[in-house]
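>>> For reference, the sequence and a predicted model appear below.
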Amino acid sequence: MQILKDVLLIGINLSLGIDMHVRIGHKHDKKSVDSSIIFEYGNKKSISTSLRLKNKSKALTSITASLSLAYPGKEIVISNDLTENNKNDFTHEISIQTANNIRSAMRTNLRRPSRTEYEVSTDIQVVGMKRVSLAGQLNIDPKNF
């Protein structure tokens with residue numbers, strides 16, 4: 001076992017002639033987290049996963065995240081973005097990308113035109129299917145009840 005800056009390395013050589021290595025990395029601060037695990041085995045084969053979170057907020061909220069899993073011949077990446085466009089307008093997008101850049105996504109916009117009104121619209125795109133769009137409005141003014 002060896003510890004380098006922000007990375008833990010573990011090497012194992014089994015009596016079966018299998019050579020394995022595990023690398024674990026982690027960094028974080030007030031605005032981000034970056035973690036990964038890579039399991040290497042056999043003839044240059046590996047399985048890896050990573051998690052990245054980043055708070056890019058300044059005056060308005062902006063948060064991104066991604067989670068990935070890769071193994072021989074396959075990779076899956078799930079991404080998540082939350083953005084505050086202005087004080088009463090938010091956009092959220094989540095996407096899943098697989099091998100060959102095949103991507104499905106859902107994008108939602110939440111607006112609050114007034115203290116009692118909300119507007120929501122969502123677009124959903126799944127590979128191999130027609131795009132679906134949903135929209136709605138909600139008015140919670142007590143005078144309406």
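Thanks, I have it. In this text, all values refer to a predicted model and were calculated from it rather than measured experimentally. Numbers count the residues shown, from 1 in each chain.

>>> for the protein, what spans make up the strands?
2-4, 7-13, 19-28, 32-41, 45-55, 62-71, 74-86, 89-98, 102-114, 117-125, 132-139 (DSSP state E).

>>> Okay, now the unreliable bits of the chain?
For the chain, applying pLDDT under 70 flags the ranges 1-18.

>>> on that earlier part again, can I get the strands of the chain in CSV with mean neighbour count?
Backbone N, C-alpha and C define where each C-beta goes, glycine included. As requested, the strands of the chain are exported to CSV (neighbours: other CB atoms under 10 Å):
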stretch, mean neighbour count
strand 2-4, 9
strand 7-13, 13
strand 19-28, 14
strand 32-41, 15
strand 45-55, 15
strand 62-71, 15
strand 74-86, 14
strand 89-98, 16
strand 102-114, 14
strand 117-125, 15
strand 132-139, 10
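
>>> The ones you listed into a markdown table, with extra columns for distance to residue 145?
Output for the strands of the chain, formatted as a markdown table (distance: least, CB to CB, whole Å):
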| stretch | distance to residue 145 |
| --- | --- |
| strand 2-4 | 62 |
| strand 7-13 | 58 |
| strand 19-28 | 46 |
| strand 32-41 | 44 |
| strand 45-55 | 38 |
| strand 62-71 | 35 |
| strand 74-86 | 29 |
| strand 89-98 | 26 |
| strand 102-114 | 16 |
| strand 117-125 | 15 |
| strand 132-139 | 10 |
